[in-house]
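coords please:
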Amino acid sequence: MSTVVRRAPLLGLPAVLFALITWQVAGHGPLLRLDARLSRAIVHPDRFSEFLSDLGNIQVAVPALVLALGYAAGRGRAAGADRWWLPPLAAAVLMALVPAVVVPLKDWTARPGTPVMPPGSGYYPSGHTTTAAVAYGSAALLLLPWLRSAAARRALVAGCAVLVLGVSYGLVRRGYHWPLDVVAGWCLGTVLLAALALFAGRVSRSTRRSSSGTPSSRSGPSSPTTSSDPAATARFRGARTHRSRSSSSDSPGSW
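Predicted coordinates:
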């Protein structure tokens with residue numbers, strides 16, 4: 001329960017922000033005017049921004065996730081982890097859910113593109129941003145448990161953040177999306193990744209409990225007779241002999 005409460009802001013705050021932005025987009029609210037001014041100040045199509053935006057393509061992000069899925073599954077299986085296949089499977093299902101969530105929202109909001117884009121609609125939320133956030137973020141979540149040093153873990157998280165921010169910048173700079181489209185993609189990606197992190201955490205805790213085992217209530221604590229210290233064993237045997245001689249009604253109970 002403490003883990004759920006600790007990570008609740010990762011689910012609640014982005015969800016609320018996404019709802020507010022969607023309300024503004026669907027109702028053509030005043031926030032869109034600020035969005036348009038910000039877009040005009042940033043848009044400058046060039047090859048570098050196009051390259052950055054391409055990192056959010058399914059053809060690029062999904063293969064990167066597949067590599068992480070295979071590595072995490074292989075390491076988990078080799079280590080003999082219980083239900084090693086479950087976190088990679090959950091990440092794959094989460095990636096498959098992205099278009100199932102994004103496409104209906106695009107159809108419903110029917111937001112037109114920026115002036116540099118051809119006439120059309122369906123630009124909100126940004127599918128490239130959501131794809132990049134979920135693909136690279138899920139890959140980081142799967143690889144983190146197998147990194148030994150804190151420096152390597154920090155580098156992985158930083159690299160994932162740089163990739164997502166690079167895709168986001170490229171999309172706005174190139175004019176493929178309005179800034180609010182990208183922010184909405186961040187919100188969706190954060191909610192989905194937080195759900196995956198909660199699920200993976202529960203699986204990890206369950207695996208640790210099952211692998212460590214729990215002492216049986218019938219057997220109780222380990223008996224001193226199992227000690228590897230011969231002196232302790234001799235003292236225990238002497239204590240049992242003394243008790244049995246002093247009181248025949250006392251049975252030597254379990255320690």
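
Please make it C-alpha for all contacts and neighbour counts, starting now.
Noted.

got the buried residues for stretch 90-104?
For stretch 90-104, the buried set under the neighbour-count rule, 16 or more other CA atoms under 10 Å, comprises 90-92, 94-95, 98, 102-103.

Regarding the residue most central in space within the chain, what is its secondary structure?
The residue lying closest to the centre of the chain (CA atoms, centre = their mean) is A197, at 3.5 Å. Following DSSP: H, G, I helix; E, B strand; the rest coil, A197 is assigned to helix.

What is the neighbour count of the closest residue to it other than its chain neighbours?
The shortest distance from A197 to any residue other than its chain neighbours is 7.1 Å, reached at L141 (CA to CA, 6 or more residues apart in numbering). Using other CA atoms under 10 Å, the number of residues around L141 comes to 22.

Could you do the one 4 residues further on as well?
When neighbours are defined as other CA under 10 Å, P145 has 12 of them.

Doesn't it belong to a helix?
Yes: using three-state DSSP, the assignment for P145 is a helix.

Model confidence at it, what's the number?
P145 is assigned a pLDDT of 92 by the prediction.

next one: G80
At G80, the pLDDT value in this model is 84.

For it, grab phi and psi.
phi 70, psi 30 (degrees, to the nearest 10).

Over to S121?
Main-chain torsions, S121, degrees, to the nearest 10: phi -140, psi 180.

Give the full set of residues in contact with the nearest residue to it once chain neighbours are set aside.
Spatial nearest neighbour of S121, chain neighbours left out: P112 (4.1 Å); criterion: CA to CA, 6+ apart. Contacts of P112 were listed using CA atoms under 8 Å, 6 or more residues apart in numbering, and they are 119-123.

Out of the buried residues of stretch 90-104, which is nearest to A184?
Set against A184, the nearest of the buried residues of stretch 90-104 by CA to CA is V102 (10.3 Å).

Summarise which helices and strands whichever strand or helix holds the closest one is packed against.
Per DSSP states H and E, V102 falls inside helix 86-109. Contacts defined by 3 or more CA pairs under 8 Å, 6 or more residues apart in numbering; DSSP states H and E place helix 86-109 against helix 2-26, helix 58-78, helix 127-143, helix 179-212.

Which secondary structure element is home to the residue nearest to I42 when sequence neighbours are not counted?
Nearest residue to I42 in three dimensions, chain neighbours excluded: R173, at 5.6 Å (CA to CA, 6+ apart). Using DSSP H and E, the element containing R173 is helix 150-174.

per-residue pLDDT, G253?
30.

Pretty sure V182 sits against A132.
No: counting by CA atoms under 8 Å, V182 stays clear of A132, with 10.9 Å between them.

Comparing those two, which residue is more hemmed in?
Neighbours were counted for V182 and for A132 using other CA under 10 Å; A132 has more, 33 against 26.

need the contact list for the more buried one.
A132 neighbours (CA under 8 Å, 6+ apart): 55-57, 61, 163-164, 167.

any idea how far the residue nearest to the centre of the chain is from A41?
Spatial separation of A197 from A41 under the definition CA to CA, to the nearest Å is 36 Å.

just G175 next, same as before
For G175, the distance to A41 equals 11 Å [CA to CA].

just L196 next, same as before
36 Å.

Kindly report the same for A73.
A73 sits at a distance of 45 Å from A41 (criterion: CA to CA).

Please identify which of the two sits among more neighbours.
A73 (22 against 9).

isn't the more buried one right next to W85, touching?
Yes: using CA under 8 Å, A73 is in contact with W85, at 5.8 Å.

re the thing from before, pick the most deeply packed of the helices and strands packed on helix 86-109.
The highest mean neighbour count among those, using mean count of other CA atoms under 10 Å, belongs to helix 127-143: a mean of 27.

chain center to it: distance?
9 Å (CA atoms, centre = their mean, to the nearest Å).

what does stretch 142-156 give?
Going by CA atoms, centre = their mean, where stretch 142-156 is centred and where its chain is centred differ by 14 Å.

Over to stretch 21-38?
Chain-centre distance of stretch 21-38: 30 Å, with CA atoms, centre = their mean.
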